[in-house]
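K.L.:
Sequence first, predicted coordinates after that:
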Amino acid sequence: MTAEPVTAPAPTAPAPTAPAPTAPAVPYGRIVPVTVHFDDLDALGMLHNARYPLLVERAWSEFWQDNGVRFDGDWASAGDACNVVRELRIGYEVPVTRSGPYAVHLWLERLGRTGLTYGFRLCSADGGTTYARGTRVLVRLDAATLRPTPWSDAFRAAGRALLRPAD
């Protein structure tokens, strides 16, 4: 028996990469894309309630890192990243029942001298369906005293761009 010569398949061109989805336009605040993974779902196949605030936190972290606010392991030099949650409120409106692309709509309700209240909603990637919405109050702390201290001017400038207009 003679073996047939083995030929390698012809090389194929890499599949074209789809352009990154653009965030839908919103009248205030910012839309940040997030991903719900299969392991974020609970035994009923719905996004576990504890994952909603986690997705929101990741979206806020991305926004603030893009604006120069980050924690690199040293509280003494953390600046505006040295803050604590005073209050978190969340209402669940429609269950998330699938993994995949979603978004978090972020905005500021109030920007005070040492604290702020931000609003958020977990929504479909196109912003059309709201799954949950809520608010969170943060207080900026001095790392040495753990007492409230003012936000920096740079932080306040980035925050003002997210302020929701008064109704």
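P.N.:
That came through fine.

K.L.:
roughly how far apart are A50 and R147?
P.N.:
From A50 across to R147, the span is 30 Å (CB to CB, to the nearest Å). Backbone N, C-alpha and C define where each C-beta goes, glycine included.

K.L.:
my bad, should have said T114
P.N.:
9 Å.

K.L.:
Could you give the bridge partners of the residue nearest to I90 when sequence neighbours are not counted?
P.N.:
What sits nearest to I90 in space, not counting adjacent residues and going by CB to CB, 6 or more residues apart in numbering, is G134, at 3.6 Å. For G134, the beta-bridge assignment (DSSP bridges) gives partners I90, F120.

K.L.:
List the contacts of the helix or strand containing V84.
P.N.:
Following DSSP states H and E, one finds V84 within strand 83-92. Residues from elsewhere that reach strand 83-92 (CB atoms under 8 Å, 6 or more residues apart in numbering): 49, 52-53, 115, 131-141.

K.L.:
Checking the residue positioned nearest the centre of the chain next. Helix, strand or coil?
P.N.:
For the chain, the residue nearest the mean C-alpha position is A59 (1.0 Å; CA atoms, centre = their mean). In three-state terms, and counting by DSSP: H, G, I helix; E, B strand; the rest coil, A59 is helix.

K.L.:
How much space separates it from Y102?
P.N.:
10 Å.

K.L.:
so what's in contact with the two at the same time?
P.N.:
V34.

K.L.:
picking that back up, please tell me I have it right and the residue nearest to the centre of the chain contacts V32.
P.N.:
Yes: A59 lies in contact with V32 (CB atoms under 8 Å); the separation is 3.9 Å.
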